[in-house]
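predicted model follows, preceded by the sequence.
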Amino acid sequence: MSPWRVASDVYEALVETIAAHSASLGSLKEAVDEHGEALKAHQKQLDDLTDSLTAAPDGPWAWAVLRGAERENLWKRLFEWVTWLEDRYLRNLSPSRPGIPALHADWYRHPVAVELMTSLMVAHIAAYRKKATAPSFLLVDWHERALWPTLRRMDELGLFGTEHKENDWNGPELRPTRRDPDRFNRWMAADVAEHSERVEDASEEASVDP
């Protein structure tokens, strides 16, 4: 056989091998890209789960976490806003109208009233914010879905009883609680231990070679 023929055969075989490897590399690249996209999706799910688990109410209206100057500023802002609400709305309503209570002079002593008034104020801020210049139903929504329902709810809850005079009311009479932290901690420890054992048993079963 001619040396040129042998060289030609070798060259053709080499070309076919390179082509086959190129196709394999292409398939491998596609698989890697697919795995990369899957990893990104899983990472996003993990990030969303982490955000959900670590999320806590820590905004400027969350009374439970506000301290120092932030808490003082919110108190001042809320008191000023409630004063405006009384002068603009509540003082101009007929006393004979049921379901719309007059705010107690010491409303700020009642935690539920504070939370409701804070929510009402925040909703008002959202409806009347400076950027809300386009005509919309936000103002109607605030009145019909926030203001009057909140006032009626306060009346239904009877936040401010009539058994105390204005000048000797120190806030609501607290209901007794039956919570028992020690009992809960014992139950929680037993529950965690029980489910931990189940996980270990499942892992051992999965590791057994059938």
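That came through fine.

can you list the domains in the chain?
1-55, 68-168 (automatic domain parsing).

R175: what secondary structure?
coil (DSSP: H, G, I helix; E, B strand; the rest coil).

may I ask which helix or strand encompasses H42?
Assigned by DSSP states H and E, H42 belongs to helix 3-54.

could you name the helices and strands sitting against the next helix or strand after that helix?
Per DSSP H and E, the first helix or strand lying C-terminal to helix 3-54 is helix 68-88. In terms of contacts (3 or more CB pairs under 8 Å, 6 or more residues apart in numbering; DSSP states H and E), helix 68-88 is packed against helix 111-127. Where you see a C-beta, it was placed from the backbone N, CA and C, and this is true even at glycine.

elements contacting the helix it packs on?
Judged by 3+ CB pairs under 8 Å, 6+ apart, helix 111-127 is in contact with helix 68-88, helix 138-141, helix 148-157.

looking at these, which one is packed in the most?
helix 148-157 (a mean of 15; mean count of other CB atoms under 10 Å).

for that helix, give the mean pLDDT please.
Mean pLDDT, helix 148-157: 91.

now stretch 93-111
Mean predicted confidence for stretch 93-111 is 79.

got the CA coordinates for it in CSV?
Provided in CSV are the C-alpha atoms of stretch 93-111 (Å, rounded to 0.1, in the frame of the first residue of the first chain):
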residue,chain,number,x,y,z
LEU,A,93,-69.3,63.4,64.0
SER,A,94,-72.6,63.3,65.7
PRO,A,95,-72.4,61.7,69.2
SER,A,96,-75.6,59.9,68.5
ARG,A,97,-74.1,57.9,65.6
PRO,A,98,-73.4,54.3,66.9
GLY,A,99,-70.3,52.4,66.1
ILE,A,100,-67.9,55.4,65.9
PRO,A,101,-66.2,55.8,69.3
ALA,A,102,-64.6,58.8,70.7
LEU,A,103,-60.9,58.2,71.4
HIS,A,104,-60.0,58.0,75.1
ALA,A,105,-57.8,60.9,76.3
ASP,A,106,-55.2,58.2,77.2
TRP,A,107,-55.6,56.1,74.1
TYR,A,108,-51.9,55.7,73.9
ARG,A,109,-52.0,53.5,77.0
HIS,A,110,-53.9,50.8,75.1
PRO,A,111,-51.6,48.6,73.1
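
hmm, who's touching that stretch?
Under the criterion CB atoms under 8 Å, 6 or more residues apart in numbering, residues 75, 78-79, 82, 86, 90, 113-114, 117, 148, 151-152, 154-156, 159-160, 166, 169-172 lie in contact with stretch 93-111.

ok, now with 10 Å
63, 75, 78-79, 82-83, 85-86, 89-91, 113-114, 116-117, 147-148, 151-161, 164, 166-172, 174 (CB atoms under 10 Å, 6 or more residues apart in numbering).

again with stretch 24-38
Residues contacting stretch 24-38 (CB under 10 Å, 6+ apart): none.

from the chain's centre, how far out does it sit?
Centroid displacement of stretch 24-38 relative to its chain, using CA atoms, centre = their mean, to the nearest Å, is 37 Å.

now do it, average pLDDT.
77.

just for the chain, where's the confidence low?
1-11, 47-57, 96-99, 101, 132, 162-167, 197-210 (pLDDT under 70).

90 - rerun?
1-60, 64-66, 68, 90-106, 128-137, 154-179, 184, 191, 193-210 (pLDDT under 90).
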